[in-house]
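Visitor: One predicted model, sequence on top.
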Amino acid sequence: MVVNSTTDIVNALVSKGVLTEEEGALLTKGRTDEAAGQAKALKKAGKVTVSDAIDNAKVYGDIRARYERRDGDVVSNNNINSDSNRARYKITLGVETTSGQWYSDLALALSSNGRSDNVSMGDGLGIGTLGTSDQGAFTKEKNGIYLKRAMFGYKPTEWLAVEAGRMKNPLYMVNAMVFDHDIVMEGAQEKLKYKFGDTNVFANLGQWVYTGGGIQANDTQGTTGHQNLVLAFQVGAQNAFIDNKASIKAAIGDYNYTTRGKVTSGYYKPVIDATDVVTTADQQIVNNLNILDIPAEINYMAMDGIGTRLYGEYANNTDSDRYNIYCANNPTHCGGNDDKAWLVGFSVGSAKDLKSWEGKKMAKGDWFANLWYQDTGAFALDPNAVDTDIFDGRLNMKGTTLKAQYNATDNVLLNFTGGWATRKNDGYGTTWTKADLNYNLKEFELYQFDVTYKF
């Protein structure tokens, strides 16, 4: 390097007595400072810079196109079917920044749905409605741009990070049985991790605002506007063994919905059949939810380049009053106390090592397949939070799902999803919140084909 050549020359002149040591040190320092300034300027020129206070900024996002079919057999005397065929797309655009121990994440998406970033092609055109059209074909006004995430965080040490705003869900999940992957949390959360020997211990705490933000004079049953929080606590550990060819990871969590029956004046009602007069609001109420959640997985490199995963999850709504209140008001429609949900699955795919397999770091030509069985009770989970694709976003369902992915390039992903499910308990309906088929179902099938471009 130039700095080293200059330093060698100055040292040679000092050794021959041409320069004093003080003069040599002064010349060397000047050249070193100049080179450091040039290096810093070159480094900043290669970054996306927001301000001088920002150390680094990264733009990221993805664009996905999807074809989807949903088939449902409706509970009714007519044995009618409810089907949906549609082309969909989603776009996410975000930027992450770091500034010393502080960091941020800001992201935008197209859909206003909290559990889905998808937009259906052709929605909102109005063509064919009594021969009228509101915006005409291919309108640009059918979609809006919505805030997906807006958070900042502070990481004072390697083992602690504190975040506030609208944030990614920090919980360790083996699947989306309890919370849809698209859900973001609002409020505050803390993430802790520490290593004891070969064991990585972690904890996630959340203080999330679920509903409401107003102030009211009392706190009685049925008070509108009462703020409902979800207080989440999860602790777990991960350990590798068999010469880093295998690992086990498990956690236990508790998610407490604090304002049990005070969000609305009603109580949770899983619909009975297609003729019952039950409003959607009756299925959305979150009275008496306190969810115990236990996810776990075992990863194993079966051979060079092939990873496997055996995983499962168990959830239990430990507040039995959710069932008791419903049963007291509906004695003729009172079935079993379906307050539990569980799944078990197996994955196999290409991976260069255990760490890349655990983190699902995939490159061109990599693939994986994931098969699981899931069973969700009518009173077990929050119906507003479960995955909108698997089981059409419903409770009181059981069935099998297959997912497969192939990376055409490092950043172009091809995906297939197939799901087959039936109603779990015929004494209740298949509770839904903004389900795509909007009927009480006996059976359900899902088929999705995706192409995703990441940047």
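Guide: Right, received. Where do you want to start?

Visitor: which stretches of the stretch 1-150 of the chain form helices?
Guide: Taking DSSP state H, counting those that start in this stretch to define them, one finds helices in the stretch 1-150 of the chain at 2-15, 21-45.

Visitor: ok, of those helices, where does mean pLDDT dip lowest?
Guide: Note on those: helix 21-45 shows the lowest mean pLDDT, a mean of 63.

Visitor: In a strand, residue 384, correct?
Guide: No: per DSSP: H, G, I helix; E, B strand; the rest coil, residue 384 lies outside any strand segment and is coil.

Visitor: For it, give me its contacts.
Guide: Residues near residue 384 by C-beta atoms under 8 Å, 6 or more residues apart in numbering: 115, 284, 286, 433. All C-beta atoms are positioned from the backbone trio N, CA, C, and that covers glycine.

Visitor: so residue 286 makes contact with residue 379?
Guide: No: using C-beta atoms under 8 Å as the test, residue 286 is too far from residue 379 to be in contact (11.7 Å).

Visitor: what's the overlap in contacts for the two?
Guide: Residues within reach of residue 286 and of residue 379 at once, by C-beta under 8 Å, 6+ apart, are residue 268.

Visitor: Between the two, point out the one with more neighbours.
Guide: Legend: neighbour count by other C-beta atoms under 10 Å for residue 286 and residue 379, higher for residue 379 (29 against 22).

Visitor: Now residue 152. Nearest residue, chain neighbours left out?
Guide: When the adjacent residues along the chain are set aside, residue 152 lies closest to residue 104, with 4.5 Å between them (C-beta to C-beta, 6 or more residues apart in numbering).

Visitor: Counting neighbours, what do you get for that neighbour?
Guide: The local packing of residue 104 (other C-beta under 10 Å) involves 19 other residues.

Visitor: what's the pLDDT at it?
Guide: Looking at residue 104, the pLDDT reads 97.

Visitor: what's the answer for residue 49, then?
Guide: 56.

Visitor: do the one 10 residues further on as well
Guide: At residue 59, the model reports a pLDDT of 95.

Visitor: That one reaches residue 97, doesn't it?
Guide: No: using C-beta under 8 Å, residue 59 makes no contact with residue 97, being 10.2 Å away.

Visitor: more crowded one of the two?
Guide: Counted by other C-beta under 10 Å, residue 59 and residue 97 do not tie: residue 97 has more neighbours, with 20 against 10.

Visitor: Specify the beta-bridge partners of the more buried one.
Guide: residue 57, residue 104 (DSSP bridges).

Visitor: Next, count neighbours for residue 192.
Guide: When neighbours are defined as other C-beta under 10 Å, residue 192 has 15 of them.

Visitor: That one contacts residue 160, correct?
Guide: Yes: assessed by C-beta under 8 Å, residue 192 is found in contact with residue 160 at 5.5 Å.

Visitor: beta partners of residue 345?
Guide: Those that pair with residue 345 in a beta bridge, by DSSP bridges, are residue 311, residue 372.

Visitor: now the nearest residue to residue 386 once chain neighbours are set aside: how far from residue 400?
Guide: In space, and not counting its chain neighbours, residue 386 is closest to residue 393: 6.0 Å by C-beta to C-beta, 6+ apart. Per C-beta to C-beta, to the nearest Å, residue 393 is found 17 Å from residue 400.

Visitor: got it, and residue 177?
Guide: 14 Å.

Visitor: now swap in residue 447 and tell me
Guide: Using C-beta to C-beta, residue 447 is found at 13 Å from residue 400.

Visitor: shared neighbours of those two, which are they?
Guide: Common neighbours of residue 447 and residue 400, using C-beta under 8 Å, 6+ apart, are residue 419.

Visitor: if we can go back for a sec, who's more crowded, residue 393 and residue 400?
Guide: Per other C-beta under 10 Å, whichever of residue 393 and residue 400 has more neighbours is residue 393, with 24 against 13.

Visitor: That one touches residue 432, doesn't it?
Guide: Yes: when contacts are counted by C-beta under 8 Å, residue 393 is listed as touching residue 432 (5.8 Å).

Visitor: residue ranges of the strands in the stretch 201-350 of the chain, please?
Guide: Ranges of strands within the stretch 201-350 of the chain are 228-241, 246-257, 290-303, 306-317, 340-350, based on DSSP state E, counting those that start in this stretch.

Visitor: I'd like those strands laid out as a markdown table, including mean pLDDT and distance to residue 362.
Guide: Formatted as a markdown table, those follow (pLDDT from 0 to 100; distance: least, C-beta to C-beta, whole Å):
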| stretch | mean pLDDT | distance to residue 362 |
| --- | --- | --- |
| strand 228-241 | 95 | 20 |
| strand 246-257 | 97 | 18 |
| strand 290-303 | 97 | 15 |
| strand 306-317 | 98 | 11 |
| strand 340-350 | 98 | 8 |
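
Visitor: and residue 372, which of those is closest to it?
Guide: If you check each of the strands of the stretch 201-350 of the chain against residue 372 by C-beta to C-beta, strand 340-350 wins as the nearest, at 2.8 Å.

Visitor: Following that closest one in sequence, what is the next regular element?
Guide: Where DSSP states H and E defines the elements, the next helix or strand beyond strand 340-350 is helix 354-358.

Visitor: That following helix: how far from the chain's middle?
Guide: Relative to its chain's centre, helix 354-358 lies at 19 Å (C-alpha atoms, centre = their mean, to the nearest Å).

Visitor: Name the residues that touch it?
Guide: Here helix 354-358 makes contact (C-beta under 8 Å, 6+ apart) with 240, 244-247, 249, 299, 301, 307, 309, 349, 351, 361.

Visitor: Using CSV, write down the CA coordinates of it.
Guide: C-alpha atoms of helix 354-358 as CSV (Å, rounded to 0.1, in the frame of the first residue of the first chain):
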residue,chain,number,x,y,z
LEU,A,354,-26.3,-27.5,10.0
LYS,A,355,-26.2,-23.8,10.6
SER,A,356,-27.5,-22.9,7.1
TRP,A,357,-30.2,-25.5,7.4
GLU,A,358,-31.4,-24.1,10.7
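
Visitor: returning to that earlier point: correct me if wrong: the residue nearest to residue 152 contacts residue 153.
Guide: Yes: in this structure, residue 104 is within contact of residue 153 by C-beta under 8 Å, at 7.2 Å.

Visitor: where's the closest residue to residue 247 other than its chain neighbours relative to residue 254, distance?
Guide: The shortest distance from residue 247 to any non-neighbouring residue, by C-beta to C-beta, 6+ apart, is to residue 240 (4.3 Å). With distances taken as C-beta to C-beta, residue 240 is found 27 Å from residue 254.
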